[in-house]
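Novice: sequence unknown, structure follows:
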């Protein structure tokens, strides 16, 4: 199945596009992520429209039992990504003047801060083996770059050189797909999907996977009557 967001609500459907179902109907909800058991989905929500901030919620795949994942945590934990074992998750939360990456267990809901810097770190995601966390670090000066680290926050290492965001691991944990993202540029290399090898050292050749429409198409669009 696929989980996705449309117009601030969470939906699921079969991988062939059939059985399209809406799970949430209230508030504004983003960033759905499957729990490893395949039966539940976490997502960002403004408490289904009752709060001025966003926190991590969880809902059954049939749309029932929606609730804050860790009600005792401070508000503002977002972009949850589950450890393969399902006992903990990483997330982003504002810490002072910056956004940092935290890990939390789901029993006592206690936090461990993994990144400590003056930059904004977000989009954390565990590797398939749970032995690494990839994330986006918004550099100063930009662009944002893809970094990886150990699950305890040690061994932080920059992977990309020319801009990257929204990392996704390959199933074998050897590569990371990401979006080339540099707001200062509008060239054809931006806004498309690239992939980089994780274990062969920093600043490797980044391989482009998707491409924009040819530039000449822009001039051929018919005007709306």
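Specialist: Sure thing, it's come through. What you see is a predicted model; the values in this text were computed from it and never measured.
Novice: I figured residue 87 hits residue 108, correct?
Specialist: No - taking contact to mean C-beta atoms under 8 Å, the distance of 11.2 Å between residue 87 and residue 108 leaves them out of contact. Every residue, glycine included, has its C-beta placed from N, CA and C.
Novice: the two - which one has more neighbours?
Specialist: residue 87 (12 against 9; other C-beta atoms under 10 Å).
Novice: which residues touch that one?
Specialist: By C-beta atoms under 8 Å, 6 or more residues apart in numbering, the contact list for residue 87 reads 105-107.
Novice: go again with 7 Å.
Specialist: For residue 87, the contacting residues are 105-106, by C-beta atoms under 7 Å, 6 or more residues apart in numbering.
Novice: what of residue 144?
Specialist: By C-beta under 7 Å, 6+ apart, the contact list for residue 144 reads 136-138, 163-165, 181.
Novice: 10 Å - rerun?
Specialist: For residue 144, the set of contacting residues under the criterion of C-beta atoms under 10 Å, 6 or more residues apart in numbering consists of 119-123, 136-138, 160, 163-166, 178-179, 181-183.
Novice: likewise residue 205?
Specialist: Under the contact definition (C-beta under 10 Å, 6+ apart), the residues listed for residue 205 are 196-197.
Novice: what does residue 171 give?
Specialist: Under the criterion of C-beta under 10 Å, 6+ apart, the contact partners of residue 171 comprise residue 128.
Novice: distance-wise, check it relative to residue 50.
Specialist: Using C-beta to C-beta, to the nearest Å, we find residue 171 at a distance of 38 Å from residue 50.
Novice: pLDDT on stretch 21-33, on average?
Specialist: Mean pLDDT, stretch 21-33: 95.
Novice: find the centremost residue of this structure, please.
Specialist: Nearest to the centroid of the C-alpha atoms of the chain, with distances taken as C-alpha atoms, centre = their mean, sits residue 123, at 3.8 Å.
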